[in-house]
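[1] Generate coordinates for the sequence data below:
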Amino acid sequence: MKHGNNVEFFISAMWDLSLSVLSEDAEFAVLDVPGMTIAPPDYTKSDISAIEAAMPSWGSPCQVIEKASWRGFDAQQ
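    Numbering: from 1, shown residues only. Below you'll find the model as predicted:
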């Protein structure tokens, strides 16, 4: 959502959780994480240890595949 020259990113999730960020600029990246599956693990059939082992973490190695930058609405005119 546009606010002057800034943009607001709004994310909502289950249980009425939401996150709103107002930014003058932003960067987005698509990452390749070795060993990460396309589909998430089956949360109904595995124990917590098995689920955690199948998911990447903040410390997982990764490679940037694509990146995009945004520097405000005035900069794009």
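
[2] what bits of this protein have low per-residue confidence?
    For the chain, the stretches with pLDDT under 70 are 1-5, 72-77.

[3] show me where it has strands.
    Per DSSP state E, the chain carries strands over the ranges 2-3, 6-12, 18-23, 26-32, 63-70.

[4] Minimum distance to Ile51: which of these has it?
    Closest to Ile51 of those, according to CB to CB: strand 26-32, at 20.3 Å. Every C-beta, even on glycine, is put in place using the N, C-alpha and C of the backbone.

[5] Output the contacting helices and strands for that closest one.
    Packed against strand 26-32 by the contact rule (3 or more CB pairs under 8 Å, 6 or more residues apart in numbering; DSSP states H and E) you find strand 63-70.

[6] Just send the strands of the chain back as JSON lines, with mean neighbour count and distance to Ala53 too.
    Formatted as JSON lines, the strands of the chain follow (neighbours: other CB atoms under 10 Å; distance: least, CB to CB, whole Å):
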{"stretch": "strand 2-3", "mean neighbour count": "9", "distance to Ala53": "42"}
{"stretch": "strand 6-12", "mean neighbour count": "12", "distance to Ala53": "27"}
{"stretch": "strand 18-23", "mean neighbour count": "10", "distance to Ala53": "27"}
{"stretch": "strand 26-32", "mean neighbour count": "11", "distance to Ala53": "19"}
{"stretch": "strand 63-70", "mean neighbour count": "10", "distance to Ala53": "21"}
